[in-house]
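Peer 1: from the sequence below, what's the structure:
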Amino acid sequence: MGLTYLYPNGAKAPTQAQMEKKYASVHVTVEFGADPVAPAAVLAAPQTVDVIHNFQFDLERPPNDLQLPLVVVNPISGWPGAPPHSVAVKDGNTITIGKLGPGAAAYDIWIFRHPVHLSVFGL
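Peer 2: From the prediction side, this is the model:
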């Protein structure tokens, strides 16, 4: 299992100061190797990895003000037949990416902040 940060801070997780900007984003790749155990065990306990984005989302806000990360996951290896992935919000600074079945796979992931308030021009 491997996690590689590509943007905006090179090989390290982004800082909170970098993620305060309106159009901030994080780019990572996640690789899951082939499973050494039986497929039934993999389905019972899927492999996961935490991706730190440091967007500082307040998960206690009411639903009309709640902001969650926009996450785009593209498989880049393991196809055909690669296991599907899962995405879960762990906290205001971290998401969890998982592999839901047996087999090796790699995913290309972008994480964005959606706009807080849109202007007349949509920016």
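
Peer 1: for stretch 3-20, give me every contacting residue.
Peer 2: The contact list for stretch 3-20, computed with C-beta atoms under 8 Å, 6 or more residues apart in numbering, reads 24-31, 49, 51-56, 93, 113. Quick note: C-beta positions are derived from backbone N, CA and C, even for glycine.

Peer 1: mind giving me the ChimeraX command for buried ones among those?
Peer 2: Per 16 or more other C-beta atoms under 10 Å, the buried members of the contacts of stretch 3-20 correspond to this ChimeraX selection:
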select :24,25,26,28,29,30,31,49,51,52,53,54,55,93,113
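
Peer 1: inside strands: which ones of the contacts of stretch 3-20?
Peer 2: Residues of the contacts of stretch 3-20 located in strands (DSSP state E): Ser25, Val26, His27, Val28, Thr29, Val30, Glu31, Val49, Val51, Ile52.

Peer 1: which two in those residues are spaced the farthest apart?
Peer 2: In terms of C-beta to C-beta, the ones in strands among the contacts of stretch 3-20 reach their longest pairwise distance at Ser25 and Glu31, which sit 20.4 Å apart.

Peer 1: low-confidence regions, this structure specifically.
Peer 2: Along the chain, segments meeting pLDDT under 70 span 36-45, 79, 115-123.

Peer 1: residue ranges for the strands of it, please.
Peer 2: Using DSSP E, strands in the chain cover 2-7, 25-32, 47-52, 70-77, 85-91, 94-99, 105-112.

Peer 1: with distance to Pro14 added, can I get those strands in JSON lines?
Peer 2: What follows is these, written out as JSON lines (distance: least, C-beta to C-beta, whole Å):
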{"stretch": "strand 2-7", "distance to Pro14": "7"}
{"stretch": "strand 25-32", "distance to Pro14": "6"}
{"stretch": "strand 47-52", "distance to Pro14": "8"}
{"stretch": "strand 70-77", "distance to Pro14": "15"}
{"stretch": "strand 85-91", "distance to Pro14": "15"}
{"stretch": "strand 94-99", "distance to Pro14": "12"}
{"stretch": "strand 105-112", "distance to Pro14": "9"}
